[in-house]
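> pasted the sequence and its predicted model underneath.
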Amino acid sequence: MIVILFNIIFFKICFLKMLGFEKMTVDEVESPKQSRLGEWYYGKGGYLLGNERAYKELEQPFIHIHDTAKKAVAAFHNGEKDLAENYLEDITVNSQIVINKLRELQTILASKKPAILK
């Protein structure tokens, strides 16, 4: 699922920027709804899978990641590198939850594919 790939790329970019390879501001951390996953989640994903348990369980960790990314960037710019690292660890844990939920939804969608195409 392409959404999983975009999610992974987003967090890799955040990590690289916070490690100092590139500059990043709090304003550059997009809102959940503006992200690729958000566009899918609040659009086509909701239409196709909105009644699924995994879909409903995806939103909280997904929003939490974006909120935590803003906190991590702010902590980094304030010189609180230990706090920023703690936030990054939290992002890593929640990213895995998001990826697992997306994989569940991918399986569900694949099983529904014939019905959706009719």
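Nice, thanks for sending it over.
> contacts only, for residue 112.
Contact analysis of residue 112 by CB atoms under 8 Å, 6 or more residues apart in numbering lists residue 48. For glycine as for every other residue, the C-beta is placed from the backbone atoms N, C-alpha and C.
> that one in helix, strand or coil?
Counting by DSSP: H, G, I helix; E, B strand; the rest coil, the backbone at residue 112 sits in helix.
> contacts only, for residue 54.
By CB under 8 Å, 6+ apart, the contact set of residue 54 is 101, 104, 105, 108.
> which pLDDT value goes with the second one?
Okay, so that is residue 104. What the model reports for residue 104 is a pLDDT of 95.
> all helices for the chain, in order.
Counting by DSSP state H, residue ranges of the helices within the chain are 2-18, 36-40, 46-49, 53-77, 81-117.
> and residue 27, which of these is closest to it?
helix 53-77 (9.0 Å; CB to CB).
> helix or strand with the lowest mean pLDDT in this protein?
Lowest on mean pLDDT, DSSP states H and E among the helices and strands of the chain sits helix 2-18, with a mean of 57.
> which regions of this structure lie under the pLDDT threshold?
1-24, 114-118 (pLDDT under 70).
> quick one: residue 62 from residue 102, how far?
Computed as CB to CB, to the nearest Å, the residue 62 to residue 102 distance reads 9 Å.
> about what we covered before: using JSON lines, lay out the contacts of residue 54 together with neighbour count.
Below are those laid out as JSON lines (neighbours: other CB atoms under 10 Å):
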{"residue": "101", "neighbour count": "21"}
{"residue": "104", "neighbour count": "17"}
{"residue": "105", "neighbour count": "24"}
{"residue": "108", "neighbour count": "16"}
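> cool, thanks, talk later.
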